[in-house]
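>>> Predicted coordinates and the sequence they were generated for:
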Amino acid sequence: MFTMLRRRAVSSVIPLLVVVLGVFFLARLTGDPANLYLPLSATPEMRAEFAARNGLDDPLLAQFGDYLGQVAHLDFGESLRTAQPAGEAVLRAFPATLQLAGWTMLLAILGAVVIGSLAAYRPNSATDRVASFLSSTAASVPDFWFAIMGVLVFAVTLGWLPTSGTSGAAAWVLPVVTLLIRPFGVLVQVVRGAMVSALSAPYVKVARSKGASESRVVFGHALRNAAAPALTVAGDLAVGLVNGAVVVETIFGWPGIGKLMIDSVLQRDFAVLQAAVLLTALVIFALNILVDICHALLDPRVRQQAAA
């Protein structure tokens, strides 16, 4: 187990450096921050002073080297917009994204386990066909389209739900449902397929021959063995939620890391953008390692392969 964790941690170093390198240089393509933070009448001397004060007058490679040195000391620079530490701004925004993604995945997993298990219990039945059709439709709906339609119908036309904000349970409905649709549809299909295979396995027939109840057979024996592939897909979907929250948070004005990234790009706030992308990448790598650990705990074959 520890060997597998060490290998995953080491293999994550190079992709992390690529992410840091990419966001550093791509952020500079958005333009000169002086054009936003200085008046139109700014003199060349004012622009030079602004660049020197913010470390933008050095060559890009020198700036990148200084940035790596700062990151090594957990110093992510200061926000050009607020003059506050960029790391603090990111840490203030990230919990909102984690809460949104956490509730979304929890509801998606619980719903998919129930619906997928019921559909697999009677293959080709009406329940199975309806669940397959709805899950395929949900897995195909783009997040941004559903978000726009949700705002148009439930917020603008009917006035049932707010268009933005985080205060009150009603403000959570549209963002959570928008993010939940696709993971729910994908997980229902995965759980259904894994459960169909598990319910036809010999150990299920043995359990039934011993007089085990159907609920114990389905949720005690079959579901436990079908959890490994579902868990792997759920981990990939959770990573996608952290990335996909950028669009949803922007549409609903959710004060999370996604909206902070968009605002930082528009405001050319390089330090905040770099810190936000770096923290998001670290969380994604941590989620992938956590999924591998859970997969190894559920499947002895993975543990044996890691030990070998």
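Sure, I can see it. Numbering: from 1, shown residues only.
>>> any weak-confidence spans in the stretch 201-308 of the chain?
Applying pLDDT under 70 to the stretch 201-308 of the chain picks out residues 220-221, 243-244, 295, 298-308.
>>> just the helices in it please.
Under the criterion DSSP state H, counting those that start in this stretch, the stretch 201-308 of the chain contains helices at 202-209, 214-215, 223-252, 257-266, 270-298, 300-307.
>>> of all the ones you listed, which lies closest to Ser41?
Closest of the helices of the stretch 201-308 of the chain to Ser41 is helix 257-266, at 22.7 Å (criterion: Cβ to Cβ). Where you see a C-beta, it was placed from the backbone N, CA and C, and this is true even at glycine.
>>> Tell me the buried residues in the closest one?
Neighbour counts over helix 257-266 (16 or more other Cβ atoms under 10 Å) mark Ile257, Gly258, Lys259, Leu260, Met261, Asp263, Ser264, Val265 as buried.
>>> quick one, what contacts Ala108?
The contact partners of Ala108, by Cβ atoms under 8 Å, 6 or more residues apart in numbering, come to Leu180, Pro183, Phe184, Leu187, Ala234, Leu237.
>>> If we use 7 Å, what do you get?
Residues near Ala108 by Cβ atoms under 7 Å, 6 or more residues apart in numbering: Leu180, Pro183, Phe184, Leu187.
>>> any idea which helix or strand carries the first one?
Meaning Leu180. helix 170-199 (DSSP states H and E).
>>> Just want the angle from that helix to helix 223-252.
Relative orientation of helix 170-199 and helix 223-252, computed by axes from the mean of the first three to the mean of the last three Cα atoms, to 10 degrees: 150 degrees.
>>> mean confidence score for helix 170-199?
Helix 170-199 shows a mean pLDDT of 87.
>>> What helices and strands are in contact with that helix?
Applying 3 or more Cβ pairs under 7 Å, 6 or more residues apart in numbering; DSSP states H and E, we find helix 170-199 packed against helix 86-121, helix 126-140, helix 143-150, helix 223-252.
>>> quick one, that helix and helix 202-209 angle?
Using the same axes, to 10 degrees: helix 170-199 against helix 202-209 is 90 degrees.
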